[in-house]
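> compute the structure for the input listed below.
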Amino acid sequence: MQAFTAARMADTPDEIWLTEHPSVYTLGLSGRLEHLLRDNGIPAIKVDRGGQITYHGPGQLVAYVLCDLRRRRLGVRDLVRALEASVVQWLDSMGISAYGKPTAPGVYVRISAVEAKIAALGLKVRNGCTYHGLAVNVAMDVSPFADIDPCGYPGLAVTQVADFGVTKSVEAAGAELAPILADHLTRR
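So this is what the prediction gives:
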């Protein structure tokens, strides 16, 4: 992502990269180790995105959004809202009601009367271009989130698509979400 962004020219097309990571905690630029509550053997690495600590692992769709904000005439907040709206639209297509929160970026749902995060966002902007992106919990072991303050919020509940009775592979989730992301990024 860094190399792609550094090599971008004015006409370099924007890209969305979809992946799934092995188990790892990532701490953003402002990430503090105090939000890693206990050592469970999962490595924790510093990365150059915004935000605090999160967990990535098998069963989670990670979408890296490599976008030229200037060319798209987008501000960072506009991009965050577009990413959130994309996930909300995708979840809605499966009957899962979700929403973004201006004060805490990400996508949230209510499950068993509790607000829970189902997708996290973290971006880096360099020379007007973004990298990093979003992570959507599809069908994963969410227990590693219990060993951190997700996104720096103590006690934040975390859930996944599978908790709503929807069976979906990460690959299928990416195939469905990517065109929605692309559409939301080209609406301006």
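> next, the residue nearest the centre of the chain: secondary structure please.
Note on the chain: the residue nearest the mean C-alpha position is residue 134, at 1.9 Å, using Cα atoms, centre = their mean. What DSSP: H, G, I helix; E, B strand; the rest coil gives for residue 134 is strand.
> show me where pLDDT drops low in this protein?
Along the chain, segments meeting pLDDT under 70 span 188.
> quick check, residue 28 in contact with residue 50.
Yes - in this structure, residue 28 is within contact of residue 50 by Cβ atoms under 8 Å, at 5.3 Å. Every C-beta, even on glycine, is put in place using the N, C-alpha and C of the backbone.
> which neighbours do the two have in common?
residue 122 (Cβ atoms under 8 Å, 6 or more residues apart in numbering).
> what's the local residue count around residue 166?
Other residues near residue 166 come to 15 when the count uses other Cβ atoms under 10 Å.
> ok, now how distant is the residue nearest to residue 20 when sequence neighbours are not counted from residue 140?
Residue nearest to residue 20 in three dimensions, not counting chain neighbours: residue 170, with 4.8 Å by Cβ to Cβ, 6 or more residues apart in numbering. Plainly put, residue 170 is 9 Å away from residue 140 if you go by Cβ to Cβ, to the nearest Å.
> quick one, which of these two is more surrounded?
Neighbour totals were compared for residue 170 and residue 140, and residue 140 leads with 23 against 19 (other Cβ under 10 Å).
> ok, back up a step: pick out whichever of residue 28 and residue 50 has more residues nearby.
residue 28 (21 against 18).
> show me what contacts residue 48?
So residue 48 contacts 2, 28, 29, 124, 132 (Cβ under 8 Å, 6+ apart).
> ok, of the residues you listed, which one's closest to residue 165?
residue 132 (30.4 Å; Cβ to Cβ).
> how many other residues sit next to the nearest residue to that closest one once chain neighbours are set aside?
Spatial nearest neighbour of residue 132, chain neighbours left out: residue 49 (3.9 Å); criterion: Cβ to Cβ, 6+ apart. Neighbourhood size, residue 49 [other Cβ under 10 Å]: 23.
> separate out the buried members of the contacts of residue 48.
28, 124, 132 (16 or more other Cβ atoms under 10 Å).
> and of the residues you listed, the nearest to residue 59?
Closest to residue 59, out of all of those and judged by Cβ to Cβ, is residue 132, at 19.6 Å.
> okay, strands next: where are they in this protein?
15-19, 24-27, 44-46, 53-56, 60-66, 98-100, 107-111, 114-126, 129-137, 157-158 (DSSP state E).
> CSV for the ones you listed, including distance to residue 84?
CSV is the format used below for the strands of the chain (distance: least, Cβ to Cβ, whole Å):
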stretch, distance to residue 84
strand 15-19, 15
strand 24-27, 19
strand 44-46, 25
strand 53-56, 15
strand 60-66, 12
strand 98-100, 3
strand 107-111, 5
strand 114-126, 7
strand 129-137, 8
strand 157-158, 16
